[in-house]
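**Q** any chance you can model this:
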Amino acid sequence: TLNLSDSVRDNRSLAAIGVAAHECGHAIQDNQEYFPLVLRRAMVPITNISSMLSMPLILIGVLMSMNQTLINFGIILFSFAVVFQLITLPVEFNASRRALNILESRQILTAEELPAAKKVLRAAALTYVAALLSSLLQLLRLVLLFGGRSRD
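**A** Numbers count the residues shown, from 1 in each chain. This next block holds a predicted model:
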């Protein structure tokens with residue numbers, strides 16, 4: 001079953017067709033038990049819990065006169081979100097590749113329309129790259145601010 005938003009389902013634009021094909025790519029991944037998708041799905045509960053707890057633990061550690069153990073544990077929990085985003089990249093790029101194959105092989109789009117669909121799917125995938133880079137920078141910031149140094 002594909003779950004498409006009304007704006008995608010009821011629209012015939014290139015962007016909507018690309019998004020729908022991308023979701024078909026995810027459905028195929030699911031059917032074929034694509035390993036990065038299976039791994040990503042297994043990480044969802046851990047990532048959700050670690051995302052909720054990481055910053056409060058760091059803050060409590062800071063408020064408790066720089067309790068390094070709590071701060072380090074918070075940083076470790078935050079790193080789960082970074083790993084999750086890293087695992088998400090191959091899932092999303094693969095779904096987009098599958099989408100393009102579907103659009104081309106089934107002749108859903110013309111040869112003239114395919115480059116525009118590639119641009120739409122690439123732009124969508126780059127949002128995941130940007131999210132990963134943002135999280136990596138935040139993790140680096142936390143490590144540089146609090147990680148591993150004993151405070152006097």
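
**Q** and the helix or strand residue 144 falls within, what does it pack against?
**A** Using DSSP states H and E, residue 144 sits in helix 114-146. Contacting helix 114-146 under the criterion 3 or more Cβ pairs under 8 Å, 6 or more residues apart in numbering; DSSP states H and E are the following elements: helix 14-31, helix 35-63, helix 68-105. All C-beta spots, glycine's among them, are computed from the backbone N, C-alpha and C.

**Q** format these as JSON lines; extra columns: distance to residue 7, mean neighbour count and mean pLDDT.
**A** Shown next, in JSON lines, are those (distance: least, Cβ to Cβ, whole Å; neighbours: other Cβ atoms under 10 Å; pLDDT from 0 to 100):
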{"stretch": "helix 14-31", "distance to residue 7": "7", "mean neighbour count": "18", "mean pLDDT": "95"}
{"stretch": "helix 35-63", "distance to residue 7": "25", "mean neighbour count": "15", "mean pLDDT": "96"}
{"stretch": "helix 68-105", "distance to residue 7": "17", "mean neighbour count": "18", "mean pLDDT": "96"}
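
**Q** closest to residue 139 out of the ones you listed?
**A** helix 68-105 (5.3 Å; Cβ to Cβ).

**Q** distance from that closest one to the middle of the chain?
**A** With Cα atoms, centre = their mean, to the nearest Å as the basis, helix 68-105 stands 4 Å off its chain's centre.

**Q** quick one, that helix and helix 14-31 angle?
**A** Here helix 68-105 points in a direction 110 degrees away from that of helix 14-31 (axes from the mean of the first three to the mean of the last three Cα atoms, to 10 degrees).

**Q** angle of helix 68-105 against helix 35-63?
**A** Computed by the same axes, to 10 degrees, the angle between helix 68-105 and helix 35-63 is 150 degrees.

**Q** what's helix 68-105 packed up against?
**A** Here helix 68-105 touches helix 14-31, helix 35-63, helix 114-146, going by 3+ Cβ pairs under 8 Å, 6+ apart.

**Q** re earlier: can you list the helices and strands packed on helix 114-146 in TSV and add distance to residue 5?
**A** Formatted as TSV, the helices and strands packed on helix 114-146 follow (distance: least, Cβ to Cβ, whole Å):
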stretch	distance to residue 5
helix 14-31	8
helix 35-63	21
helix 68-105	16
